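*Asks:* Got a predicted structure here, sequence first:
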Amino acid sequence: MSPHIFLLMCSGLVLGTMITVTSSHWLMAWMGLEINTLAILPLMAQAHHPRAVEAATKYFLTQAAAAATLLFASIINAWISGLWEIQMINHPVPTTMMVCALALKLGLAPMHTWLPEVLQGLDLTTGLILSTWQKLAPFALLMQISHQSSHLMLLFGLTSTLVGGWGGLNQTQMRKILAYSSIAHLGWMVIVVQFSPSLTSLALITYIAMTSTVFIMLKMHSLTTINGLSTSWTKAPLMASALPLTLLALGGLPPTTGFAPKWFILMELVNQGLPLVATITALSALLSLYFYLRISYSSSLTSSPNNLPATASWRLKPSTAQLPLAALTMATLLFLPLTPSFIAILWP
């Protein structure tokens, strides 16, 4: 792809997200989502591979269905109330349709089946964009209407945490594992979004930092399977040590940064009088932690046989920039003591 076309598509991604995040009108929000979808499709299909084309087609059909449902729901809301403002939605029918449409866009269970298949057909760079940046615009809308459908949001959240945990157990492809990890983390955010949108923002920022770290590590050495991780220590010993810690941060183990949002979410659920929901959510984290530990075992606790020249490849200088990866790794592993500062910023 030409650098000018790539820059144009990235600008479209940023423009579409900014339009949706800053709009108060349903038509403008829908327009931003459509710009966002059309901008990422060429990035998905740029490999000219049948799997990439298939992934782009599946993504387009799914996002088109979700956008059509969202537009239809906003028209129904305008017909009932006479208002197009996002904050002025109060009828249960358009509210339910909008929540379902946004859940389909995000990949929340049980509308998640497209996400692992699409992510598996993409390269790691486009997969990083799909797993992080593409979540911002739908979440901005979901946070504004979540208080209107509390039971539906709890249902989506609990189902996503359980499906994200169970679905990743038998996977050997890293992109599918990260897809199910995304579903599980989205479930944590959706459960608490109606009670504390600021806490959801903290969880989303933390998830983006941790997932970006994992994707960049895999991209540097073109690792897409668990078997490939077993030989990663010959290419990058430091990465083979940092990747398990980053995966444990995704699992929410202390003292990593990923522990903070999950702990605060569980406390908020208990404070809201939902101890059963908090218990199920905490137990579902054990499912995700199992396949994170399985990946950690393959990457750092096993050593495959290698010949002598292969063991010296780590001495070569890497061809990619190391500063973004170093900054994200530090944010993933060492920002837990700074959590009170983040809480003070989000809850002034």
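*Replies:* All right, it came through fine.
*Asks:* Do I have it right that T126 meets I40?
*Replies:* Yes: contact status for T126 versus I40: in contact at 7.4 Å, counting by Cβ atoms under 8 Å. The way it works is simple: take the backbone N, C-alpha and C, and place the C-beta from them, glycine included.
*Asks:* of those two, who's got more company?
*Replies:* Higher neighbour count among T126 and I40: I40, with 25 against 21, using other Cβ atoms under 10 Å.
*Asks:* who's in contact with E85?
*Replies:* E85 sits next to 24-26 when contact means Cβ atoms under 8 Å, 6 or more residues apart in numbering.
*Asks:* Please pick the buried ones from these.
*Replies:* Among those, the ones that count as buried by 16 or more other Cβ atoms under 10 Å are W26.
*Asks:* Which residue ranges of the stretch 1-150 of the chain form helices?
*Replies:* 3-22, 26-45, 50-81, 92-106, 114-120, 124-131, 136-145, 150-167 (DSSP state H, counting those that start in this stretch).
*Asks:* nearest to P324, of these?
*Replies:* Smallest distance to P324 across the helices of the stretch 1-150 of the chain (Cβ to Cβ): 11.4 Å, for helix 124-131.
*Asks:* on that earlier part again, could you dump the helices of the stretch 1-150 of the chain into JSON lines and include mean pLDDT and distance to T279?
*Replies:* JSON lines is the format used below for those (pLDDT from 0 to 100; distance: least, Cβ to Cβ, whole Å):
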{"stretch": "helix 3-22", "mean pLDDT": "92", "distance to T279": "34"}
{"stretch": "helix 26-45", "mean pLDDT": "93", "distance to T279": "35"}
{"stretch": "helix 50-81", "mean pLDDT": "93", "distance to T279": "32"}
{"stretch": "helix 92-106", "mean pLDDT": "92", "distance to T279": "23"}
{"stretch": "helix 114-120", "mean pLDDT": "94", "distance to T279": "26"}
{"stretch": "helix 124-131", "mean pLDDT": "93", "distance to T279": "28"}
{"stretch": "helix 136-145", "mean pLDDT": "90", "distance to T279": "24"}
{"stretch": "helix 150-167", "mean pLDDT": "91", "distance to T279": "11"}
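*Asks:* would CSV of those with distance to K262 be doable?
*Replies:* CSV is the format used below for those (distance: least, Cβ to Cβ, whole Å):
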stretch, distance to K262
helix 3-22, 25
helix 26-45, 28
helix 50-81, 28
helix 92-106, 19
helix 114-120, 21
helix 124-131, 18
helix 136-145, 17
helix 150-167, 10
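*Asks:* how about the ones you listed, which one is nearest S230?
*Replies:* Ranking the helices of the stretch 1-150 of the chain by proximity to S230 (Cβ to Cβ) places helix 124-131 first, at 18.4 Å.
*Asks:* low-scoring stretches of the stretch 201-348 of the chain, by residue?
*Replies:* Scanning the stretch 201-348 of the chain for pLDDT under 70 picks out 234-235, 301-321, 346-348.
*Asks:* go again using 80 as the cut-off
*Replies:* Along the stretch 201-348 of the chain, segments meeting pLDDT under 80 span 221, 227-241, 298-326, 334-348.
*Asks:* Would you state the helices of the stretch 201-348 of the chain in chain order?
*Replies:* In the stretch 201-348 of the chain, the helices defined using DSSP H, counting those that start in this stretch lie at 226-229, 232-235, 237-251, 259-271, 275-300, 323-334, 339-346.
*Asks:* would TSV of those with distance to V192 and mean neighbour count be doable?
*Replies:* Formatted as TSV, these follow (distance: least, Cβ to Cβ, whole Å; neighbours: other Cβ atoms under 10 Å):
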stretch	distance to V192	mean neighbour count
helix 226-229	31	18
helix 232-235	35	20
helix 237-251	18	21
helix 259-271	5	19
helix 275-300	9	18
helix 323-334	21	16
helix 339-346	13	13
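*Asks:* isn't S232 right next to S222, touching?
*Replies:* No: contact between S232 and S222 fails when scored by Cβ under 8 Å: they sit 10.3 Å apart.
*Asks:* Just the pLDDT at T200, thanks.
*Replies:* Looking at T200, its pLDDT is 90.
*Asks:* Helix or strand: which one has it?
*Replies:* Taking DSSP states H and E as the criterion, T200 maps to helix 197-221.
*Asks:* how many neighbours does A64 have?
*Replies:* When neighbours are counted by other Cβ under 10 Å, A64 registers 12.
*Asks:* Now do the residue nearest to it when sequence neighbours are not counted against Q134, distance only.
*Replies:* The spatially closest residue to A64, leaving aside those adjacent along the chain, is T37, at 7.5 Å (Cβ to Cβ, 6 or more residues apart in numbering). Per Cβ to Cβ, to the nearest Å, T37 is found 9 Å from Q134.
*Asks:* Same check on L223?
*Replies:* 22 Å.
*Asks:* and what of S288?
*Replies:* Counting by Cβ to Cβ, the gap from S288 to Q134 is 21 Å.
*Asks:* now swap in M31 and tell me
*Replies:* M31 is 16 Å from Q134, by Cβ to Cβ.
*Asks:* Show the backbone phi and psi for L223.
*Replies:* Dihedral pair for L223: phi -100, psi 120, per degrees, to the nearest 10.
*Asks:* That one: neighbouring residues, count only.
*Replies:* For L223, the count of nearby residues is 22 (other Cβ under 10 Å).
*Asks:* Could you pull up the residues touching it?
*Replies:* 174, 217, 229, 232.
*Asks:* per-residue pLDDT, the first one?
*Replies:* Spelled out, it's M174. Looking at M174, its pLDDT reads 90.
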